[in-house]
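In: any chance you can model this:
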Amino acid sequence: MNIVGIDYGDRYLGFAICDSEINVPVPVKSIKIKSMKEAISVSEEFCKERNAHLIVIGLPLNVDGTEGERASKTRSFGKVLGKITGINIVYFDERYSTLEAKEYLKEGGIKPREMKKYTDKMSAHIILCDFMNNEFKKHIGDNNNGN
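Out: Okay, the predicted model is just below:
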């Protein structure tokens, strides 16, 4: 089962993949976008190229766990992407994924001015890793039980 992780933002998309061969999430790329329409098109193409069976989209919740405007935009993006691709969409709490990504990059010796190149794909990677560690079995179990 190939799973794509997406960090969706107004200006950048980050992608990660966990394919059935290696079964380990890997950060793939960050792309600058100009609109939701472009984000959907780029994401659809990426998911088709990677033969995705499931898409995990980071849901930017507020610190208190509630959903705000950013989460609403993300759900709109996911709804359209799911409809176009026919692939199941799962939203996963992405609070602090960007901060965590920046810390990993800093520890890896990436200079602050270089970080934007990597931050979004690392955020997608963190989202996908956290999903795989915490939620994956629930979703596979649901699919196996026909729910």
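
In: contacts and neighbour counts: CA atoms only from here.
Out: OK.

In: helices of the chain, residue ranges please.
Out: With helices called from DSSP state H, the chain shows them at 36-49, 69-85, 97-107, 116-134, 136-144.

In: return the most buried member of the ones you listed.
Out: Of all the helices of the chain, helix 116-134 has the most neighbours on average by mean count of other C-alpha atoms under 10 Å, namely a mean of 23.

In: circling back: tabulate the helices of the chain (JSON lines), appending mean pLDDT and distance to residue 10.
Out: Shown next, in JSON lines, are the helices of the chain (pLDDT from 0 to 100; distance: least, C-alpha to C-alpha, whole Å):
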{"stretch": "helix 36-49", "mean pLDDT": "97", "distance to residue 10": "7"}
{"stretch": "helix 69-85", "mean pLDDT": "97", "distance to residue 10": "9"}
{"stretch": "helix 97-107", "mean pLDDT": "85", "distance to residue 10": "14"}
{"stretch": "helix 116-134", "mean pLDDT": "91", "distance to residue 10": "12"}
{"stretch": "helix 136-144", "mean pLDDT": "55", "distance to residue 10": "27"}
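
In: okay if I get the ones you listed as JSON lines plus distance to residue 12?
Out: Putting the helices of the chain into JSON lines (distance: least, C-alpha to C-alpha, whole Å) gives the following:
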{"stretch": "helix 36-49", "distance to residue 12": "8"}
{"stretch": "helix 69-85", "distance to residue 12": "13"}
{"stretch": "helix 97-107", "distance to residue 12": "12"}
{"stretch": "helix 116-134", "distance to residue 12": "7"}
{"stretch": "helix 136-144", "distance to residue 12": "25"}
